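Asker: just a sequence and a predicted model for now, questions to come.
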Amino acid sequence: MKYTEYIWDFDGTLFDTYPVMVKAFQRALRELGIEEKPDTLLYFMKKSIAETIGYYQDRYLLGELFFKRYLEIRQSYSLDEQPPISGAVKVCCQIVQQGGRNFIVSHRESPSLYAFLDHYGMRQLFTEIITGNDGYERKPNPDAFNYLVKKYQLKKGSTLAIGDRILDIQAGREAGIKTVFINLNDGLECDFADFKINSLEEALSL
């Protein structure tokens, strides 16, 4: 196994959470009399959820309560409606079994992220998990990646940063790590990733 250290994004990379996130956002807007197409929301949210929220708050003068309401609706969906991406459990298990290590760098808040991992029995597969509560700058800032590289003495030639968004790839590149873009056929393209894959299983053959 050429690569032994895997730094994963969470939403849309390890877990299929975007359908629920889009539904929740759409419902929060609809409560205020605003209609938006799911495809449009997905496209913007895959670029940056924070920027998407800011855009709609500014465009419709929604205020901070809109974000709170979005989170309330999102949290009303069950974890069973947001399963791991196909192959996620198998791939992470195989990495550990072969002596490798998994890490997560995510903007998602800690209670929510850990609830997912515990529900699906995956927490033990990760050496360290960085969430939005840990105080690092948001991706594409590479601070969280640099922290992991330094703390665990990760060899950059043996480390992959894997994500489904451009900002995941930007953060990995800024940290000097090889990057893997997951192509989900959702209209989002990334031309500067070191590798492109169509399934998580392909990451093991790089």
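Answerer: Nice, thanks for sending it over. Numbering: from 1, shown residues only.
Asker: walk me through the domains of the chain.
Answerer: 5-16+84-205, 18-80 (automatic domain parsing).
Asker: which residues of this protein fall in helices?
Answerer: Using DSSP state H, the helices of the chain run over 18-30, 38-47, 49-60, 64-75, 88-97, 110-119, 143-151, 166-174.
Asker: which of those is buried the deepest?
Answerer: Mean neighbours per residue, mean count of other C-beta atoms under 10 Å, is largest over these for helix 166-174, with a mean of 23. Heads up, the C-betas are built off the backbone N, CA and C, glycines and all.
Asker: who's in contact with residue 170?
Answerer: Contacts for residue 170 (C-beta atoms under 8 Å, 6 or more residues apart in numbering) come out as 139, 140.
Asker: switch the cut-off to 6 Å
Answerer: residue 140 (C-beta atoms under 6 Å, 6 or more residues apart in numbering).
Asker: show the pLDDT at it.
Answerer: pLDDT recorded at residue 170 is 98.
Asker: okay, now the closest residue to residue 166 other than its chain neighbours: neighbour count?
Answerer: In space, and not counting its chain neighbours, residue 166 is closest to residue 190: 5.2 Å by C-beta to C-beta, 6 or more residues apart in numbering. As a burial measure, residue 190 scores 19 neighbours (other C-beta atoms under 10 Å).
Asker: same check, this time on the one 10 residues further on
Answerer: With neighbours defined by other C-beta under 10 Å, the count for residue 200 comes to 22.
Asker: so it touches residue 90, yeah?
Answerer: No - using C-beta atoms under 6 Å, residue 200 makes no contact with residue 90, being 8.1 Å away.
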